[in-house]
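Got a sequence here, can you build the structure:
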Amino acid sequence: MAEQMLTDPAQGCAQIVIIGAGHSGVALAACLRTRGWNGGILLLEAEKEMPYERPPLSKELLKAGASDESTLLRKGRFYEDKRIDRIAGATVAAIDRQARTVLLSDGSRHSYHRLVIATGSRARALTVPGAGLPGIQALRTRDDALELKRLLVPAARVVIIGAGYIGLEVAAAAAAKGCDVTVLEFQDRVMSRVTSASVSRFFEQLHGRNGVRFVFGAAVTAVEGSQRAERIVTADGSVHPADVVLAGIGVVPNQELAEAAGLECRDGIHVDGDGLTSDPVIYAVGDVTRFMSTIDGASQRLECIQNALAQADRAAAHITGQDAGEPEIPWFWTVQQGIRLQTAGVRHPEDEVIVRGAPAEGKFSVVYLRNGCLAAVDTIGSLTDFRPAKKLIAHKARIDPLLAADPGTRLTDAVFAAA
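Numbering: from 1, shown residues only. Modelled structure (predicted):
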């Protein structure tokens with residue numbers, strides 16, 4: 001009887017409500033059960049289908065002949081077995097912090113003992129004249145990906161605005177399908193926000209060999225067309241005809257619900273190392289959060305699966321009164337034109353850059369030193385340096401730049417001996 005009372009959402013007793021069923025929301029629900037939480041768990045999701053993985057949307061799903069089915073985060077039976085209640089297609093209209101309830105758009109209310117906001121992020125929208133024309137694609141959901149897949153046909157003129165991970169992954173998929181691909185990038189190189197010039201140059205050349213054209217310093221000023229987007233105009237007066245337009249200019253956190261509830265937000269919901277917001281019974285996890293780096297104390301917002309999963313586990317540990325252990329070093333990956341770029345740590349523009357190996361051979365690493373310590377690493381086409389680098393970053397290891405520049409020297413052997 002006691003267990004039934006704990007798991008009955010109508011009772012409002014010891015129930016954890018999770019808003020959002022992406023990677024972090026589903027992981028949190030799973031971690032709570034793994035860590036022994038026996039109370040109620042209610043998972044609210046805006047989409048009607050079963051929670052699914054996001055990375056394949058810009059990679060595997062776009063490939064010719066690939067299945068249109070999503071890769072599920074968990075099978076349906078999992079939620080039943082773990083007594084995780086789900087409400088699909090649910091939009092949360094408001095959070096009542098005083099009453100500790102969430103109000104759904106259908107008028108129903110659900111009480112919480114603890115609330116977790118895992119609302120993720122959305123694609124940043126173009127704000128130039130004509131940006132409201134039909135035909136400007138974003139890529140955040142399965143429906144977005146399926147529509148883009150339908151449009152990527154041989155000889156289609158594809159214009160991609162933004163040379164970040166998503167833009168370049170779609171460029172690779174479009175080129176492989178025989179599309180005419182142009183990437184417009186405001187900065188002077190690809191992936192400028194996340195990597196160094198040497199890595200950018202490698203991937204620019206890789207895409208170029210596969211038929212992708214780049215226009216750098218391209219500031220989009222207008223979208224033109226009669227019934228739909230047909231042309232992209234840039235500040236220098238250039239016009240780029242398009243059958244398909246993808247806007248890949250970054251994402252913005254879905255923090256509006258938290259803001260309306262009075263939680264501290266600024267380009268993300270502010271959380272501490274355990275995922276706690278400015279309200280002691282409300283947590284936030286995943287792409288929607290902003291927090292202090294454990295490496296250098298910088299304020300950051302990370303958009304990656306690893307961070308979503310790590311934050312989910314730490315929040316679950318705090319809710320259940322357990323030790324989450326040391327935080328994991330953040331890591332990211334992208335696959336473009338068949339080459340994998342995997343990154344550990346977070347690079348800063350002022351970091352010292354050391355290239356290990358020959359980019360011309362397609363397998364090399366780049367290490368980033370900050371005040372003499374290893375702060376981040378990029379590995380391209382090889383993961384040899386990845387694991388040791390993660391450990392060295394966690395230990396703030398001081399690195400000898402000359403030894404690190406020799407690819408024949410193991411990174412662990414490039415560490416300065418303690419004085």
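
all contacts plus neighbour counts: C-alpha atoms, from now on.
Fine.

what are the ranges of the strands in the stretch 251-400 of the chain?
251-253, 269-270, 282-284, 289-292, 299-300, 331-336, 339-345, 352-358, 363-370, 373-380 (DSSP state E, counting those that start in this stretch).

For residue 332, name its beta-bridge partners.
residue 343 (DSSP bridges).

For it, give me its contacts.
Counting by Cα atoms under 8 Å, 6 or more residues apart in numbering, residue 332 touches 304-306, 342-344.

Can I get the residues you listed in TSV including neighbour count?
Formatted as TSV, the contacts of residue 332 follow (neighbours: other Cα atoms under 10 Å):
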residue	neighbour count
304	16
305	21
306	19
342	19
343	26
344	22
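
can you redo the residues you listed as CSV with pLDDT?
Below are the contacts of residue 332 laid out as CSV (pLDDT from 0 to 100):
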residue, pLDDT
304, 93
305, 94
306, 94
342, 97
343, 98
344, 97
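
Which of those sits closest to residue 121?
Nearest to residue 121 among those, counting by Cα to Cα, is residue 304 at 11.1 Å.

hang on, that closest one packs against residue 288?
No. Taking contacts as Cα atoms under 8 Å, residue 304 lies outside contact range of residue 288: 11.0 Å.

just checking, what packs against the longest helix along the chain?
Counting residues, the longest helix in the chain under DSSP state H turns out to be helix 305-319. Secondary-structure packing of helix 305-319 (3 or more Cα pairs under 8 Å, 6 or more residues apart in numbering; DSSP states H and E): helix 23-34, strand 331-336.

looking at the ones you listed, which is buried most?
Most buried of those, by mean neighbour count (mean count of other Cα atoms under 10 Å): helix 23-34, with a mean of 23.

wait, which of the strands of the stretch 251-400 of the chain is closest to residue 117?
Nearest of the strands of the stretch 251-400 of the chain (Cα to Cα): strand 282-284, 4.5 Å.

Which residues does stretch 229-240 contact?
130, 133-136, 159, 218-225, 241-245.

repeat that with 7 Å
133-136, 218-225, 241-243 (Cα atoms under 7 Å, 6 or more residues apart in numbering).

Distance-wise, check residue 291 relative to residue 269.
8 Å (Cα to Cα, to the nearest Å).

Likewise for residue 19?
From residue 19 to residue 269 the distance is 14 Å (Cα to Cα).

So if I had to pick from the two, which one is more boxed in?
Taking other Cα atoms under 10 Å, residue 19 and residue 269 do not tie; residue 269 has more neighbours (29 against 24).

residues near the nearest residue to the more buried one once chain neighbours are set aside, how many?
The shortest distance from residue 269 to any non-neighbouring residue, by Cα to Cα, 6 or more residues apart in numbering, is to residue 289 (4.6 Å). When neighbours are counted by other Cα under 10 Å, residue 289 registers 32.

Touching, residue 289 and residue 268? I think so.
Yes. Under the criterion of Cα atoms under 7 Å, residue 289 makes contact with residue 268 at 4.7 Å.

Return every residue with contacts to both of these two.
residue 301.

among the helices and strands packed on helix 305-319, which is nearest residue 71?
helix 23-34 (12.0 Å).

Between helix 305-319 and that closest one, find me the angle.
Orientation check (axes from the mean of the first three to the mean of the last three Cα atoms, to 10 degrees): helix 23-34 against helix 305-319 gives 40 degrees.

name the helices or strands packed onto helix 23-34?
Applying 3 or more Cα pairs under 7 Å, 6 or more residues apart in numbering; DSSP states H and E, we find helix 23-34 packed against helix 305-319.

what sits up against the helix it packs on?
Under Cα under 7 Å, 6+ apart, the answer for helix 305-319 is 23-24, 27-28, 31-32, 35, 274-275, 285-287, 323-324, 330-331.

redo that, cut-off 6 Å
Helix 305-319 is touched from outside by 24, 27-28, 31-32, 274-275, 285-286, 324, with contacts defined as Cα atoms under 6 Å, 6 or more residues apart in numbering.

for stretch 208-226, same thing?
Under Cα under 6 Å, 6+ apart, the answer for stretch 208-226 is 128-131, 181-188, 230-235.

ok, and for it, which residues are buried?
Across stretch 208-226, burial judged by 16 or more other Cα atoms under 10 Å covers 211-216, 218-224.

Which of the residues you listed sits closest to residue 351?
Looking across the buried residues of stretch 208-226 and measuring by Cα to Cα, the closest to residue 351 is residue 216, at 23.5 Å.

how close does that closest one sit to residue 207?
Residue 216 is 14 Å from residue 207, by Cα to Cα.

got it, and residue 251?
23 Å.

So between these two, which is more surrounded?
With neighbours defined as other Cα under 10 Å, residue 251 and residue 207 compare such that residue 207 has more, 19 against 15.

Check which residues of the helix or strand harbouring that one are buried.
Assigned by DSSP states H and E, residue 207 belongs to helix 197-209. Going by neighbour count (16+ other Cα under 10 Å), the buried part of helix 197-209 is 199-200, 202-204, 206-207.

List the residues that contact residue 163.
185, 190-191.

Reduced to three states, what does it come out as?
Under DSSP: H, G, I helix; E, B strand; the rest coil, the three-state class of residue 163 is coil.

Can you tell me the SS state at the spatially closest residue to it that is not a sequence neighbour?
Distances taken as Cα to Cα, 6+ apart place residue 190 nearest to residue 163, at 5.0 Å, with adjacent residues excluded. Under three-state DSSP, the three-state class of residue 190 is coil.

Neighbours of residue 190, how many?
28.

hang on, the earlier thing: filter the contacts of stretch 208-226 down to the buried ones and hand me the PyMOL line.
Buried members of the contacts of stretch 208-226, defined by 16+ other Cα under 10 Å, are picked up in PyMOL with:
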select buried, resi 130+131+181+182+183+184+185+186+187+230+231+232+233+234
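
Closest to residue 354 out of the contacts of helix 305-319?
Closest to residue 354, out of all of those and judged by Cα to Cα, is residue 286, at 30.9 Å.

and that closest one, how far is that from residue 365?
Taken as Cα to Cα, the span from residue 286 to residue 365 is 28 Å.

who's more crowded, those two?
With neighbours defined as other Cα under 10 Å, residue 286 and residue 365 compare such that residue 286 has more, 32 against 27.

before we move on, the earlier item: got the CA positions of the helix holding residue 207 in CSV?
The C-alpha coordinates for helix 197-209 follow below in CSV (Å, rounded to 0.1, in the frame of the first residue of the first chain):
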residue,chain,number,x,y,z
ALA,A,197,42.6,26.6,-37.6
SER,A,198,44.5,23.4,-38.4
VAL,A,199,41.5,21.2,-37.8
SER,A,200,39.2,23.6,-39.7
ARG,A,201,41.6,23.5,-42.7
PHE,A,202,41.6,19.7,-42.7
PHE,A,203,37.8,19.4,-42.8
GLU,A,204,37.4,22.3,-45.3
GLN,A,205,39.7,20.5,-47.7
LEU,A,206,38.1,17.1,-47.0
HIS,A,207,34.6,18.5,-47.9
GLY,A,208,36.1,20.3,-50.9
ARG,A,209,37.4,17.1,-52.3
